[in-house]
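Asks: here is a sequence with its predicted model. Questions after.
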Amino acid sequence: MNIELLLKVKEQILKDPERYNQDIYGHGSCSSAHCIAGWAIVLGKKKWPDQIAHVWNLAHKVLSLRGRQDSKLFSVGGDWPKKFASAYLKAKTPKGRARVAARRIDHFIKTGGRE
C-alpha cells in the first residue's frame, strides 16, 4: 500500500474540500473535483485513463493495493465500514464530507487495508 500517496490524497481533500466528491471520478484535470481514486491518479502524476472504467484499475496500481482493497477504499455505498459510509452520507457540506474521507483514509491505513 502506498501510504505516502494516500496521505497526499487525504491532505488534498482536506485542503480543498470543494474539489472532493466521492460520487465522481473526475475528469483528469487538476481543476476538477475527484474522488479518492481520482486524486490518487492526479497526485500520483499518472496519465488520466482514456476510459472512465479504467480509473479504479489505475488507482489500484498507483496506490499498490491488493485484492479488493480498492472497493474498500473507493466504494462508499458498498465496502466502506458503515460508520464512515453513514457519516459521509449524512454530511451536509463539502468540508464535512472531506473530514469523513480523511478519517476513512486514516482507518484504512491503520487497519492495513483490511477495513
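Replies: Structure received.
Asks: show me the contacts for the nearest residue to Leu73 once chain neighbours are set aside.
Replies: Leaving aside its sequence neighbours, Leu73 sits nearest to Phe108 (CB to CB, 6 or more residues apart in numbering; 5.5 Å). All C-beta spots, glycine's among them, are computed from the backbone N, C-alpha and C. Contacts of Phe108 were listed using CB atoms under 8 Å, 6 or more residues apart in numbering, and they are Leu6, Gln69, Lys72, Leu73, Glu115.
Asks: run a quick neighbour tally on the first one.
Replies: This means Leu6. Leu6: 23 surrounding residues under other CB atoms under 10 Å.
Asks: just for the protein, where's the confidence low?
Replies: 25-31 (pLDDT under 70).
Asks: Provide a list of residues in contact with the spatially most central residue of it.
Replies: Compute the mean C-alpha point of the chain, and by CA atoms, centre = their mean the closest residue is Ile36, 1.5 Å away. Residues near Ile36 by CB under 8 Å, 6+ apart: Val9, Ile13, Gln22, Ala59, Leu73, Phe74, Ala101, Ile105.
Asks: next one: the closest residue to the first one other than its chain neighbours from Ser64, what distance?
Replies: If I follow you right, that is Val9. With sequence-adjacent residues excluded and distances taken as CB to CB, 6+ apart, Val9 is closest to Trp39, at 4.5 Å. From Trp39 over to Ser64 the distance is 16 Å, taken as CB to CB, to the nearest Å.
Asks: so which of the two has more stuff around it?
Replies: Set Trp39 next to Ser64 and count neighbours by other CB under 10 Å: Trp39 wins out with 27 against 13.
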